[in-house]
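Enquirer: got a sequence here, can you build the structure:
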Amino acid sequence: MVGRFTSLVLLTLTIASPSQDDRATAWARLNGGTLFLALESDVFDLRLRESMNLLAPEVRADYQRRLTRRRTYRPANVIPPRPSSPEQCVLSARGELETAIVVLLATPELPASARSALEGEAAAYARRARLFYEWEGYPDGPLNEAKFAEEYLGLHPTSRLRPYLELFLLHRYRSAFEAARYEVNEVPRDILPAGRTIADIQAGYAADQRFAAAKYREVWTRLAATTDPVVRAIADELDGVSFVYLSIGAHPRRSSRKILKTPQVGRVQRDRRQHATRPVREVSPQQSEGDDVDDAHERRRQRVRFVPVLRTVEQRPAR
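Expert: Residues are numbered from 1 along each chain as shown. So this is what the prediction gives:
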């Protein structure tokens with residue numbers, strides 16, 4: 001009995017505390033960046049345990065401790081209970097963004113005054129942030145969301161929000177990298193605008209991909225120097241998973257800095273499991289919940305990127 005119990009304990013410790021190499025291998029079998037996404041919503045909680053089991057015990061305990069705040073925090077940007085319009089989806093995204101910032105950064109050790117200031121800045125940032133209710137597989141959405149975050153940090157270099165916004169940038173730039181690489185092979189060849197060639201459009205996507213990869217590497221370098229073990233763990237997962245938005249078989253830190261030819265990308269399964277970001281905002285006004293995935297995929301192919309179908313709804317300032 002004692003021997004069996006000892007073996008069980010040793011096995012548990014082995015699973016709970018994998019080596020760095022084992023952890024990297026395990027991250028590569030996952031997708032989406034669950035540790036990051038779970039900060040804002042409980043949608044991914046069913047998958048959260050698998051990611052948390054890869055953390056060192058003390059980091060896992062710290063992450064769990066912070067995550068408990070998600071159940072009690074009530075964002076100033078109120079989240080609609082059942083978002084059913086583009087406007088409501090953007091309101092929901094604002095509330096979730098505010099929640100994620102507070103959950104990660106408003107730690108119990110923070111003095112009450114500092115916590116209050118953090119919550120106020122998080123609410124104000126989320127209220128003004130440029131957010132899209134749907135990216136539709138294009139790189140423009142995540143690139144524009146990242147641009148706002150970069151500009152904010154440029155204006156507020158000592159912002160309390162920096163640790164979260166650096167993770168946000170890492171996620172958005174990798175999403176943009178994946179979308180740009182995917183779209184290179186998705187240019188509709190039968191409906192090109194006058195004077196434009198497929199090569200022109202593919203070159204534009206290739207430029208987006210190079211830009212996103214370069215920015216990703218910059219953010220990764222900054223995050224590698226963080227002293228917050230939970231922030232570093234979330235960054236490690238975002239960097240280590242197989243993809244965060246679209247499965248393309250490429251990584252922004254390991255891609256060639258010069259793209260010489262069109263990448264050969266497999267067709268992406270665009271269901272909730274594979275299309276990992278913002279599951280409640282995947283359905284556009286042109287697509288109902290009951291639509292067949294192939295039909296929806298074909299309709300998306302008919303859109304032309306030169307007039308991007310970027311759907312953003314700016315919230316009116318509160319009176």
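Enquirer: and the one helix or strand Ala206 maps to, average pLDDT?
Expert: Element membership for Ala206, per DSSP states H and E: helix 198-223. Helix 198-223 carries an average pLDDT of 94.
Enquirer: one more: stretch 87-101?
Expert: 94.
Enquirer: next: stretch 170-179.
Expert: On average, stretch 170-179 scores 97.
Enquirer: what's the helix or strand for Val90?
Expert: Here Val90 is assigned to helix 86-105, by DSSP H and E.
Enquirer: now do the buried residues in that helix.
Expert: 86, 88-105 (16 or more other C-beta atoms under 10 Å). The C-beta positions use only the backbone N, C-alpha and C, and glycine is treated the same way.
Enquirer: could you do stretch 196-212 as well?
Expert: Result for stretch 196-212 [16+ other C-beta under 10 Å]: buried residues 201-202, 204-206, 208-212.
Enquirer: and stretch 42-54, by the same measure?
Expert: 44, 47-48, 51-52, 54.
Enquirer: swap in stretch 212-221?
Expert: Result for stretch 212-221 [16+ other C-beta under 10 Å]: buried residues 212-213, 215-216, 219-220.
Enquirer: tell me the one of those residues nearest Pro111?
Expert: Comparing the buried residues of stretch 212-221 against Pro111 with C-beta to C-beta picks out Val219 as the nearest, at 28.9 Å.
Enquirer: circling back to that earlier point, among the buried residues of stretch 42-54, name the least confidently predicted one.
Expert: Where pLDDT dips furthest among the buried residues of stretch 42-54: Phe44, at 82.
Enquirer: quick one: contacts for it?
Expert: Taking C-beta atoms under 8 Å, 6 or more residues apart in numbering, we find Phe44 in contact with 32, 34, 37-38.
Enquirer: got a PyMOL select line for the buried ones in the residues you listed?
Expert: Only the buried entries of the contacts of Phe44 go into this PyMOL selection, using 16+ other C-beta under 10 Å:
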select buried, resi 32+34+37+38
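Enquirer: report the two of the contacts of Phe44 separated the most.
Expert: Pairwise distances across these (C-beta to C-beta) peak at 10.0 Å, for the pair Gly32 and Ala38.
Enquirer: follow-up on the earlier one: name the helices or strands packed onto the helix holding Ala206?
Expert: helix 140-155, helix 162-183, helix 229-240 (3 or more C-beta pairs under 8 Å, 6 or more residues apart in numbering; DSSP states H and E).
Enquirer: quick check on the residue lying closest to Ala28 once chain neighbours are set aside: phi, psi?
Expert: Sequence neighbours aside, Ser242 is the residue nearest to Ala28 in space, at 5.6 Å (criterion: C-beta to C-beta, 6 or more residues apart in numbering). For Ser242, the backbone dihedrals (degrees, to the nearest 10) come out as phi -70, psi -30.
Enquirer: ok, back up a step: in JSON lines: the buried residues of stretch 42-54, plus distance to Pro75 and secondary structure.
Expert: Output for those, formatted as JSON lines (distance: C-beta to C-beta, whole Å; DSSP: H, G, I helix; E, B strand; the rest coil):
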{"residue": "Phe44", "distance to Pro75": "18", "secondary structure": "coil"}
{"residue": "Arg47", "distance to Pro75": "23", "secondary structure": "helix"}
{"residue": "Leu48", "distance to Pro75": "20", "secondary structure": "helix"}
{"residue": "Ser51", "distance to Pro75": "24", "secondary structure": "helix"}
{"residue": "Met52", "distance to Pro75": "24", "secondary structure": "helix"}
{"residue": "Leu54", "distance to Pro75": "29", "secondary structure": "coil"}
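Enquirer: from those, pick the one nearest Ala146.
Expert: Phe44 (21.2 Å).
Enquirer: mind listing what the nearest residue to Pro229 once chain neighbours are set aside touches?
Expert: Excluding the flanking residues, the one nearest Pro229 by C-beta to C-beta, 6+ apart is Val59, at 4.8 Å. Applying C-beta under 8 Å, 6+ apart to Val59 gives the contacts 229-230, 233.
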